[in-house]
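S.K.: Structure of the sequence below:
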Amino acid sequence: MENSPESRIRVLVAKPGLDGHDRGAKVVARALRDAGMEVIYTGLRQTPEMIVEAALQEDVDVIGLSILSGAHMALVPRILELMKDSGLDDVKILIGGIVPQEDVRALEAMGVSGVFGPGANTDDIVAHIHKVIGR
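M.R.: This next block holds a predicted model:
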């Protein structure tokens, strides 16, 4: 029953903001699918509201944000606020992309489960998701 539809980890992969480059998000989405997770990719230029609404509709376990624009310190707090308002307190949030090291601790203090920079090993991302979800 490990990979039955009921037990599969559901991950929403989103590109918030005006960033138009999604190669990394697609690579991660494929790796998560190959690892047996169900992946919903929302596409480019998503607003925080669109991301949280999709997470609600899709009943996801994890939201993975790919941010290369440098807007993570503006976008992530808004997404976390909307998640809280929507009752998504149990959904984990991960960030991939370009995040300066000095921002990582601040993001983790806000509630971000993990931050993965360019060149991160997809096996590490899969393992992190399994660890924080407990499956």
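
S.K.: Helices of the protein, start to end?
M.R.: Secondary structure of the chain (DSSP state H): helices at 23-34, 48-58, 72-85, 101-110, 122-133.

S.K.: So which of the ones you listed is nearest L12?
M.R.: helix 48-58 (5.1 Å; Cβ to Cβ). Any C-beta I mention is one placed from the backbone N, CA and C, and that applies to glycine too.

S.K.: starting at the chain centroid, how far to that closest one?
M.R.: For helix 48-58, the separation from the chain centroid amounts to 12 Å (computed by Cα atoms, centre = their mean, to the nearest Å).

S.K.: any idea which residue sits dead centre in this protein?
M.R.: The residue lying closest to the centre of the chain (Cα atoms, centre = their mean) is G64, at 0.9 Å.

S.K.: pretty sure that one contacts G97?
M.R.: No - using Cβ atoms under 8 Å, G64 is not in contact with G97; the gap is 10.2 Å.

S.K.: Kindly reformat the helices of the chain as TSV containing distance to I9 and mean pLDDT.
M.R.: Formatted as TSV, those follow (distance: least, Cβ to Cβ, whole Å; pLDDT from 0 to 100):
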stretch	distance to I9	mean pLDDT
helix 23-34	8	95
helix 48-58	12	98
helix 72-85	17	97
helix 101-110	21	95
helix 122-133	5	98
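
S.K.: Can you add distance to R10 and give those helices back as a markdown table?
M.R.: What follows is the helices of the chain, written out as a markdown table (distance: least, Cβ to Cβ, whole Å):
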| stretch | distance to R10 |
| --- | --- |
| helix 23-34 | 10 |
| helix 48-58 | 6 |
| helix 72-85 | 15 |
| helix 101-110 | 22 |
| helix 122-133 | 10 |
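
S.K.: Noted, bye for now.
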